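A.B. asks: take this sequence and fold it.
(2 chains)
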There are 2 protein chains.
Amino acid sequence: MLIAFIAYEGMTLLDLVGAYDPLARLRTMGFMPELHWEVVAPESTVTDGNGMEIVADAAGTPLTGYDMIYVPGGMSTRHLMHDAPFLTWLSTAASCPLKVSVCTGALLLGAAGFLRGKKATTHPSAFRLLEPFCSEVLKKRLVDEGDVITAGGVTASIDLGLYIVSRIAGKAIATKIREQMDYRFVMSHSEIHVSSVP
Amino acid sequence: MLIAFIAYEGMTLLDLVGAYDPLARLRTMGFMPELHWEVVAPESTVTDGNGMEIVADAAGTPLTGYDMIYVPGGMSTRHLMHDAPFLTWLSTAASCPLKVSVCTGALLLGAAGFLRGKKATTHPSAFRLLEPFCSEVLKKRLVDEGDVITAGGVTASIDLGLYIVSRIAGKAIATKIREQMDYRFVMSHSEIHVSSVP
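C.D. replies: I've put the predicted structure just below:
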């Protein structure tokens, strides 16, 4: 399994790292030795919204061949959602079987057309902005549409990461990873929407 | 106010970013325009424990002149706690008025001598390793000794960041930042130890 963590100028780094940590533990804690990931960005380095510079593993290459793409949010999503070259690049993930966003990353998945006909969520400040891109904005912490999962603001990235761990590897492994992360918050079922398989 | 976020080879990135996010919001949300921070590392770039490469703002420079140093944990702390050049460098922070660690970052603060005579905490897996460096290891999520604050494992970084925000800027601002981060977990008072001022 190969994951692309999408990085871009002005992203919120915690949006990315909140899920990167539990997902990477699937390999580092020995549960999935065959799991790999790359930080993929439009350019070879990106600076987050607070000035920290990250070096990408791949720059501007097509997003084909990944089993999952993970899109963080950030203030820069408000202009990137109208940025044709960025959206053209993101659209190369069309055949990716699992597309995931946290926070305003949903605006990017939406602008790339990946939320058409689907329910989705985002940071509470961006519910209105997300509406045109999906069938319904749900005020949930996590919305699982099978091949697309969207989550709420910033720290929802951790809940999203643990949720994906649970979906991939099961609840027992997710619990071990949660304990190693010393993470105490547990989403209630009422905060999660899972669409039934059609 | 100037913060040094210490980065090093093999660190756990979420340990750093969990507090970097709420602290940076003190400036980006307009509460403390005069707050600044730097990522400071022994080398010009560092790779975290999962392979992500970060570019430091300052490399190997003395840790003097910072109002706060923030030390994340990571598996590499087990050898860095015996690494004389690293500890010599970290010791240049001696005059820094606030030294903070999360997770096994406490082992580095301890090995540098900064926890002598103080109570402290760390990741639950490292309680025994921390014992020789401090007066008492407390099984708390956060221990505030005034000029030194230590916190528990990985995601305790977020609680630590919000705690410092509250100490610096007050509870009302910490609540606004928490809401913007969409963060739901609240530490109970029983999980925090604050030493009374002597």
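A.B. asks: phi, psi of the nearest residue to A:Pro42 once chain neighbours are set aside?
C.D. replies: Using Cβ to Cβ, 6 or more residues apart in numbering or on different chains and skipping the chain neighbours, the partner closest in space to A:Pro42 is A:Gly60 (5.4 Å). (Glycine included, C-beta is placed from N, CA and C.) With angles defined as degrees, to the nearest 10, A:Gly60 sits at phi 70, psi 0.
A.B. asks: what sits against A:Gly60?
C.D. replies: Going by Cβ atoms under 8 Å, 6 or more residues apart in numbering or on different chains, A:Gly60 touches A:41-43, A:89.
A.B. asks: switch to 7 Å and redo it
C.D. replies: Counting by Cβ atoms under 7 Å, 6 or more residues apart in numbering or on different chains, A:Gly60 touches A:42-43, A:89.
A.B. asks: A:Asp21 now?
C.D. replies: A:Asp21 touches A:161, A:181, B:14, B:154, counting by Cβ under 7 Å, 6+ apart.
A.B. asks: again, but for A:Leu160
C.D. replies: So A:Leu160 contacts A:19, A:100, A:102, A:142, A:149, A:151 (Cβ under 7 Å, 6+ apart).
A.B. asks: I'd like these as CSV, with distance to B:Met52, pLDDT and secondary structure appended.
C.D. replies: What follows is those, written out as CSV (distance: Cβ to Cβ, whole Å; pLDDT from 0 to 100; DSSP: H, G, I helix; E, B strand; the rest coil):
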residue, distance to B:Met52, pLDDT, secondary structure
A:Ala19, 13, 98, helix
A:Val100, 18, 98, strand
A:Val102, 17, 98, strand
A:Leu142, 24, 98, strand
A:Ile149, 22, 98, strand
A:Ala151, 20, 98, strand
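A.B. asks: of the residues you listed, which is the most crowded?
C.D. replies: A:Ala151 (36 neighbours; other Cβ atoms under 10 Å in any protein chain shown).
A.B. asks: compile the contacts of A:Gly60 into CSV and extend it with columns for secondary structure, neighbour count and pLDDT.
C.D. replies: Output for the contacts of A:Gly60, formatted as CSV (DSSP: H, G, I helix; E, B strand; the rest coil; neighbours: other Cβ atoms under 10 Å in any protein chain shown; pLDDT from 0 to 100):
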residue, secondary structure, neighbour count, pLDDT
A:Pro42, coil, 19, 97
A:Glu43, coil, 12, 97
A:Trp89, helix, 20, 98
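A.B. asks: between these, which is closest to A:Ser196?
C.D. replies: Distance to A:Ser196, by Cβ to Cβ, is smallest for A:Trp89 among the contacts of A:Gly60, at 32.8 Å.
A.B. asks: quick one: contacts for that closest one?
C.D. replies: Contact analysis of A:Trp89 by Cβ under 7 Å, 6+ apart lists A:42, A:60.
A.B. asks: before we move on, the earlier item: now the contacts of A:Asp21 as a markdown table including pLDDT, secondary structure and neighbour count?
C.D. replies: Putting these into a markdown table (pLDDT from 0 to 100; DSSP: H, G, I helix; E, B strand; the rest coil; neighbours: other Cβ atoms under 10 Å in any protein chain shown) gives the following:
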| residue | pLDDT | secondary structure | neighbour count |
| --- | --- | --- | --- |
| A:Gly161 | 98 | helix | 30 |
| A:Met181 | 98 | coil | 23 |
| B:Leu14 | 98 | helix | 34 |
| B:Val154 | 97 | coil | 27 |
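A.B. asks: re the thing from before, just the contacts of A:Gly60 now: which is nearest A:Glu53?
C.D. replies: Looking across the contacts of A:Gly60 and measuring by Cβ to Cβ, the closest to A:Glu53 is A:Glu43, at 10.9 Å.
A.B. asks: how near is the closest one to chain B?
C.D. replies: 13 Å (Cβ to the nearest Cβ, to the nearest Å).
A.B. asks: let me see the backbone angles for that residue.
C.D. replies: The phi/psi pair for A:Glu43 (degrees, to the nearest 10) reads phi -120, psi 170.
A.B. asks: report pLDDT for the closest residue in space to it that isn't next to it in sequence.
C.D. replies: Using Cβ to Cβ, 6+ apart and skipping residues adjacent in sequence, the residue nearest A:Glu43 is A:Ala59, 5.6 Å away. Note on A:Ala59: pLDDT of 97.
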